[in-house]
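Engineer: okay, here's the prediction I keep looking at, along with the sequence it came from:
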Amino acid sequence: MSGPSVEDLLADLDDERAAVMALVRGLPPAWWTLPTRAEPWTVRDQVAHLGWFDAAFARAISTPAEFEAERDAITDLEGFVDAANAAVPESGPAALTWWQDAARAFDASARACDPSTRLPWYGPPMSLRSAITSRIMETWAHGSDVAEALGTRLPRTDRLRHVADIAVRARAQGYRVRGLEIPATPVRVELTGPSGEVWRWGEPHVSEAITGDAEEFCLVLIRRRHVDDTGLVVTGDLAREWMEIGQAFAGTPGKDPVRA
């Protein structure tokens with residue numbers, strides 16, 4: 001089977017978690033309450049969110065029927081996410097410990113799972129590899145929020161390829177959640193990763209295109225940066241439209257990023 005193995009993906013996920021955990025380990029108490037760009041969440045809330053959803057995915061893998069019953073009872077997704085954060089210990093260090101425990105539970109469940117299994121989630125079912133990749137994307141996205149709030153940034157690594165790949169494959173998501181028709185015309189993507197390696201999606205002859213820095217592309221598609229505040233080269237109306245409404249994550253439309 002092509003693509004990274006489950007073990008390779010789990011190794012990348014653990015490395016991405018470690019990068020975020022290193023930012024917050026030993027923080028002074030007041031720093032846990034710093035606001036992040038995902039208003040009204042604080043640094044503590046971002047860590048709590050990552051821990052709660054690692055634990056939720058562990059349940060989806062190990063006890064899928066119970067997870068589906070829990071999921072199907074949700075009537076207000078945004079309220080559910082806020083309630084989930086509140087279920088995690090309130091203190092920052094305790095929330096970090098809770099996340100560490102949830103991460104171990106996720107990894108153990110993933111290693112015990114048949115890779116061909118389709119897993120339930122809050123959106124469409126997904127493969128185990130997609131589940132792990134989605135956790136890499138979420139960890140990087142929320143970790144970027146934490147880093148910015150602390151006045152720093154996450155290390156730039158080629159683990160971003162996982163995030164970029166999800167963002168490319170989720171092009172239809174921004175249209176779907178807004179009730180818009182999904183274009184049939186493809187968009188070519190060519191990105192340069194932190195190592196200098198060039199990553200490509202789509203055929204060379206496709207005229208609609210996005211080229212540039214992989215991190216900037218990913219920040220646009222987690223709706224944290226406006227495309228006009230990047231050096232991305234966007235060619236064609238549909239490519240531009242994607243950069244304005246696209247989102248790599250499930251759920252309701254994200255807030256429009258504000259120009260810097």
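Structural biologist: Structure received.

Engineer: give me the contact list for the helix or strand of the chain with the lowest mean pLDDT.
Structural biologist: Least confident helix or strand of the chain, by mean pLDDT, DSSP states H and E, is helix 77-86 with a mean of 86. Here helix 77-86 makes contact (Cβ atoms under 8 Å, 6 or more residues apart in numbering) with 41, 45, 48-49, 52-53, 56, 74, 122, 251-252. All C-beta spots, glycine's among them, are computed from the backbone N, C-alpha and C.

Engineer: give the buried residues for stretch 142-154.
Structural biologist: 142-149, 154 (16 or more other Cβ atoms under 10 Å).

Engineer: out of those, which is nearest to residue 94?
Structural biologist: Distance to residue 94 across these (Cβ to Cβ) is lowest for residue 146, with 16.4 Å.

Engineer: could you provide the contacts of helix 77-86 in CSV, with additional columns for neighbour count and distance to residue 168?
Structural biologist: Listed next are the contacts of helix 77-86 as CSV, based on neighbours: other Cβ atoms under 10 Å; distance: Cβ to Cβ, whole Å:
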residue, neighbour count, distance to residue 168
41, 21, 27
45, 24, 29
48, 26, 29
49, 22, 24
52, 21, 27
53, 23, 22
56, 18, 25
74, 12, 29
122, 15, 21
251, 13, 19
252, 11, 21
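
Engineer: can I assume residue 58 is in contact with residue 101?
Structural biologist: No: assessed by Cβ atoms under 8 Å, residue 58 is found out of contact with residue 101, at 10.0 Å.

Engineer: okay, the two: which has more neighbours?
Structural biologist: Legend: neighbour count by other Cβ atoms under 10 Å for residue 58 and residue 101, higher for residue 58 (21 against 14).

Engineer: and residue 165, what does it touch?
Structural biologist: For residue 165, the contacting residues are 133, 201, by Cβ under 8 Å, 6+ apart.

Engineer: got the buried residues of stretch 142-154 as a markdown table, with pLDDT, secondary structure and distance to residue 169 columns?
Structural biologist: Converted to a markdown table, these look like this (pLDDT from 0 to 100; DSSP: H, G, I helix; E, B strand; the rest coil; distance: Cβ to Cβ, whole Å):
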| residue | pLDDT | secondary structure | distance to residue 169 |
| --- | --- | --- | --- |
| 142 | 97 | helix | 20 |
| 143 | 98 | helix | 21 |
| 144 | 97 | helix | 20 |
| 145 | 97 | helix | 23 |
| 146 | 98 | helix | 25 |
| 147 | 98 | helix | 25 |
| 148 | 96 | helix | 26 |
| 149 | 97 | helix | 29 |
| 154 | 95 | coil | 22 |
